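In: How does the following fold in three dimensions:
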Amino acid sequence: MKSTGDHIKQSRLALGLSQADAAKKLNISTPAFCKIETGQTDLNISRLLQISKTFKVPVIQLITGQSTTSDSSEELVALKKELIEKEEEINKLRKKVIDLYDKLGI
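Out: Numbers count the residues shown, from 1 in each chain. A predicted model of the protein is given here:
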């Protein structure tokens, strides 16, 4: 499993930036940026947000390596479909309960 540092490196490479270029954009030293990519430095939220903004990628992509746009929308459509199916199933069960109460005369 890749680390956040690996995902940051992938994002940097996708932009065609060297470590020195990325460090300069983040106003940190090249060795400090290298430590971020290699996981030798724990990232705080503000630094993660800064990298996200500088590289123009969502924070979740830096953490997981997955882009949220296409994966999330497809997953959302599937979840909505499943929710509709479950609601239909619940409505059928409600109707059965009502029919049973009617048969019992309650």
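
In: what's around E88, how many residues?
Out: Each residue near E88 was counted by other C-beta atoms under 10 Å, and the total is 10. Just so you know, the C-beta spots here come from the backbone N, C-alpha and C atoms, and that holds for glycine as well.

In: Quick check: which element contains it?
Out: For E88, the element it lies in under DSSP states H and E is helix 68-104.

In: And for A22?
Out: helix 19-26.

In: Residues contacting that helix, please?
Out: 12, 15, 17, 29-30, 32-34, 37, 50-51, 54-55 (C-beta atoms under 8 Å, 6 or more residues apart in numbering).

In: change it to 10 Å
Out: With contacts defined as C-beta atoms under 10 Å, 6 or more residues apart in numbering, helix 19-26 is touched by 8-9, 11-13, 15, 17-18, 28-34, 36-37, 47, 50-51, 53-55.

In: among those residues, which ones are buried?
Out: Using 16 or more other C-beta atoms under 10 Å as the burial test, the contacts of helix 19-26 include 8-9, 11-12, 17, 28, 33-34, 36-37, 50-51, 54-55 as buried.

In: nearest to S67, of the residues you listed?
Out: Distance to S67 across the buried ones among the contacts of helix 19-26 (C-beta to C-beta) is lowest for S11, with 10.4 Å.

In: What are the neighbouring residues in contact with that closest one?
Out: Neighbouring residues of S11 by C-beta under 10 Å, 6+ apart: 17, 22, 51-52, 54-57, 61-62, 65.

In: Turn those into CSV, columns for secondary structure and pLDDT.
Out: Shown next, in CSV, are the contacts of S11 (DSSP: H, G, I helix; E, B strand; the rest coil; pLDDT from 0 to 100):
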residue, secondary structure, pLDDT
L17, coil, 96
A22, helix, 97
I51, helix, 96
S52, helix, 94
T54, helix, 96
F55, helix, 95
K56, coil, 93
V57, coil, 92
Q61, helix, 89
L62, helix, 90
G65, coil, 84
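
In: Quick check: of those, which lies closest to K80?
Out: Q61 (23.3 Å).

In: Roughly how far does that closest one sit from G39?
Out: From Q61 across to G39, the span is 17 Å (C-beta to C-beta, to the nearest Å).

In: ditto for K56
Out: The gap separating K56 from G39 is 23 Å, by C-beta to C-beta.

In: Please consider this matter closed, and thank you.
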